[in-house]
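Visitor: The following comprises the amino acid sequence and a computationally predicted model.
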Amino acid sequence: MEITDSKKDKYTLICLTGKLDTITSPRLEEKLLKIIDNGENNFIFDCSGLDYISSAGLRVLLMGAKKVKVKSGKIVLTALKKHIKEVFDIAGFTAIFPIFETVEQGETSF
Amino acid sequence: MKTYFSIQIENSFSEIEKVSDKIQETGDSLFINPGIINSLILSLDELLTNVISYGYNDKKTHSIEVSFFKENDYICVRIIDDAIEFNPLKRDEVDIDKSIDEKQIGGLGIHLVKKLMDDIEYKRIDGRNILTLKKEFK
């Protein structure tokens, strides 16, 4: 799992590559909490390199979304692969996360 | 019934990947639809994670058996462990239509397994949990 973050004008871009599972999710949680604690409320997750997500990864995203919502921020997801999108659908996450095909389209949310 | 593999893993998160790799390899060799393989890998990950996280009250190493077989029109995977009694079918349903504020962090894993699999059977025999997941083979 590779997690990179870069600060943009209106949001922080987080790129996920590889598997987001029980072993790797705590790393995302730690990073996300740190960035939120430093005052960021808006995120775009570029999931174009995300090959796998389990409930451990979904939990971190939900936790993050709850935290930023309190501060009127949001987490936008982009470029989900088809099988990842299916997991989001089953979990009921497609209804609570704004989802776009590309990062550029996601930027229109802010 | 034809068994394609049966492996023993230890109760450690790093062992789950061995099961995922074996399912991928066996599924590919049988030309099973990638969607079915993905569903089986995710379901096993969720259930093994549960067993390893909550199943043991001691710090000892335990062995968990995972087998993969075909029965009639179903691909089946079975988990046998000596963890505390846990029947995932008895877990309350998660209401996925809740808003972001109401949505709960827990219970998602079992919910995913129930939705991804076509049939799940649970038995408790001689101090062991025997859980069989079935997915229709198309």
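Guide: Sure, I can see it. Computed from a predicted structure; not experimentally measured.
Visitor: can you give me the helices for chain A?
Guide: With helices called from DSSP state H, chain A shows them at A:25-37, A:55-70, A:82-91, A:103-106.
Visitor: for chain B, what spans make up the strands?
Guide: B:2-10, B:63-71, B:74-81, B:119-125, B:128-136 (DSSP state E).
Visitor: Same list (these) but as CSV, adding mean pLDDT and mean neighbour count.
Guide: C-beta here means a position set from N, CA and C on the backbone, and glycine is covered the same way. What follows is the strands of chain B, written out as CSV (pLDDT from 0 to 100; neighbours: other Cβ atoms under 10 Å in any protein chain shown):
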stretch, mean pLDDT, mean neighbour count
strand B:2-10, 96, 13
strand B:63-71, 97, 17
strand B:74-81, 97, 21
strand B:119-125, 97, 12
strand B:128-136, 97, 19
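Visitor: Dump those strands into JSON lines; add distance to chain A as well.
Guide: Shown next, in JSON lines, are these (distance: least, Cβ to the nearest Cβ, whole Å):
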{"stretch": "strand B:2-10", "distance to chain A": "14"}
{"stretch": "strand B:63-71", "distance to chain A": "15"}
{"stretch": "strand B:74-81", "distance to chain A": "16"}
{"stretch": "strand B:119-125", "distance to chain A": "15"}
{"stretch": "strand B:128-136", "distance to chain A": "14"}
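Visitor: Quick one: the ones you listed as JSON lines, columns for distance to residue B:26 too.
Guide: Output for the strands of chain B, formatted as JSON lines (distance: least, Cβ to Cβ, whole Å):
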{"stretch": "strand B:2-10", "distance to residue B:26": "5"}
{"stretch": "strand B:63-71", "distance to residue B:26": "6"}
{"stretch": "strand B:74-81", "distance to residue B:26": "9"}
{"stretch": "strand B:119-125", "distance to residue B:26": "20"}
{"stretch": "strand B:128-136", "distance to residue B:26": "13"}
